[in-house]
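Peer 1: Predicted model, plus sequence, below.
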Amino acid sequence: MPEQKIKCVEDFHVYQKAKELFENFLNEDMPILEKNFAGRTLAANQLRCLDSICANMEEGYERKSGKEIINFFRMSKGSSGEALGRYKRFKSILPDEIIDKRTAVLAEIRAMLHSLISKWN
């Protein structure tokens, strides 16, 4: 089967995963985190971080430059590492099943971004 041509950032499978993760955070994680002070504070940071994963891919893709897209996808990878660490610190606030699902998705996102960055280098 031939590879799909990338016509917009939404065509990247990694972007689709990151966007879904962001939406899952808003719909499933935020309501739980908002119930205590530490959760609210960390949730605000996690929201910015998960948004940054998508936003950096969007900006990098729009710049249409090889070096710049690599740099922005690296920033997305960095934000995914930050989000992964924060989920690990949510252990006393979020249920284990949510943390396990989110960290697995973030591991996939990080691996996909690593692969894309390596191909472009």
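Peer 2: Looks like it arrived, so ask away.
Peer 1: Show me the shaky parts of the protein.
Peer 2: For the chain, the stretches flagged by pLDDT under 70 are 1-4.
Peer 1: any idea which helix is longest in it?
Peer 2: In the chain, with assignment by DSSP state H, the single longest helix is helix 37-63.
Peer 1: Now do the helix or strand just after that one: which elements does it pack against?
Peer 2: Beyond helix 37-63 on the C-terminal side, the first helix or strand identified by DSSP states H and E is helix 66-89. On a contact count with 3 or more Cβ pairs under 8 Å, 6 or more residues apart in numbering; DSSP states H and E, helix 66-89 meets helix 37-63, helix 96-120. Yep, even glycine has a C-beta here, placed from its N, CA and C like the rest.
Peer 1: highest average neighbour count across those?
Peer 2: helix 37-63 (a mean of 18; mean count of other Cβ atoms under 10 Å).
Peer 1: angle of that helix against helix 66-89?
Peer 2: 160 degrees (axes from the mean of the first three to the mean of the last three Cα atoms, to 10 degrees).
Peer 1: distance between helix 37-63 and the chain's centre?
Peer 2: On the basis of Cα atoms, centre = their mean, to the nearest Å, helix 37-63 is displaced by 7 Å from the centre of the chain it belongs to.
Peer 1: same question, stretch 90-102
Peer 2: 16 Å.
Peer 1: change the start of the numbering to 11 and stick with it
Peer 2: Happy to do that; since the first residue is 11 now, the last one works out to stretch 100-112.
Peer 1: distance between the ends of it?
Peer 2: 11 Å (Cα to Cα, to the nearest Å).
Peer 1: what residues does that stretch touch?
Peer 2: For stretch 100-112, contacts defined as Cβ atoms under 8 Å, 6 or more residues apart in numbering pick out 31, 34-35, 38-39, 42-43, 46, 48-49, 52, 97-98.
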